[in-house]
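Asker: My questions concern the predicted model and sequence given below.
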Amino acid sequence: MTLNLCILTPNRIVWDSEVKEIILSTNSGQIGVLPNHAPIATAVDIGILRIRFNDQWVTMALMGGFARIGNNEITILVNDAEKSSDIEPQEAQQTLEIAEANLRKAESKRQTIEANLALRRARTRVEVINAI
């Protein structure tokens, strides 16, 4: 038995195929989803999505959004998503270093909030490369 997984961003369809299982980062922690999962709608956190596809695990960086699970269908709407294989490790590390520097330089509350958000995104991109 499988799940139909569809991951959408405002600009593109990132994934649309059947999978065996996913592990999703939500605002209240990670959830595992197998076939016949109870229907839910949840907020998706900035974090790593793990997908079991053809008996292999694929990882993806998700940048926050919403997920709907029901009837063996999962629809994930996110601000952005990147497969680990599409992320250039050196660029991701450089972006992380810039985000850390921007957080140290932040002076106003708004700059601090924006820098923290950019840092979370950059960390997730680096972590997804090293996951699984």
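Answerer: In hand now; what should we look at? Small disclaimer: the values here were computed from a predicted structure and weren't measured.

Asker: Okay, and the beta partners of the residue nearest to residue 82 when sequence neighbours are not counted?
Answerer: Of all residues not flanking residue 82 in the chain, residue 61 sits nearest, at 4.8 Å (CB to CB, 6 or more residues apart in numbering). C-betas here are computed from N, CA, C, even on glycine. Listed by DSSP bridges, the beta-bridge partners for residue 61 are residue 48, residue 82.

Asker: the helices in this structure, which residues?
Answerer: 89-105, 109-130 (DSSP state H).

Asker: Please name whichever of these is nearest to residue 10.
Answerer: The closest of these to residue 10 is helix 109-130. By CB to CB, the value is 15.8 Å.

Asker: which residues does the residue sitting nearest the centre point of the chain contact?
Answerer: Residue closest to the average C-alpha location in the chain (CA atoms, centre = their mean): residue 62, at 1.9 Å. With contacts defined as CB atoms under 8 Å, 6 or more residues apart in numbering, residue 62 is in contact with 7, 25, 44-49, 76, 78, 80-81, 124.

Asker: Those into JSON lines, with extra columns for neighbour count, distance to residue 105 and pLDDT?
Answerer: Below are the contacts of residue 62 laid out as JSON lines (neighbours: other CB atoms under 10 Å; distance: CB to CB, whole Å; pLDDT from 0 to 100):
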{"residue": "7", "neighbour count": "24", "distance to residue 105": "34", "pLDDT": "98"}
{"residue": "25", "neighbour count": "20", "distance to residue 105": "28", "pLDDT": "95"}
{"residue": "44", "neighbour count": "22", "distance to residue 105": "29", "pLDDT": "97"}
{"residue": "45", "neighbour count": "19", "distance to residue 105": "26", "pLDDT": "96"}
{"residue": "46", "neighbour count": "20", "distance to residue 105": "21", "pLDDT": "97"}
{"residue": "47", "neighbour count": "22", "distance to residue 105": "26", "pLDDT": "96"}
{"residue": "48", "neighbour count": "21", "distance to residue 105": "28", "pLDDT": "96"}
{"residue": "49", "neighbour count": "27", "distance to residue 105": "31", "pLDDT": "97"}
{"residue": "76", "neighbour count": "24", "distance to residue 105": "34", "pLDDT": "98"}
{"residue": "78", "neighbour count": "21", "distance to residue 105": "28", "pLDDT": "98"}
{"residue": "80", "neighbour count": "17", "distance to residue 105": "24", "pLDDT": "96"}
{"residue": "81", "neighbour count": "21", "distance to residue 105": "29", "pLDDT": "97"}
{"residue": "124", "neighbour count": "24", "distance to residue 105": "21", "pLDDT": "96"}
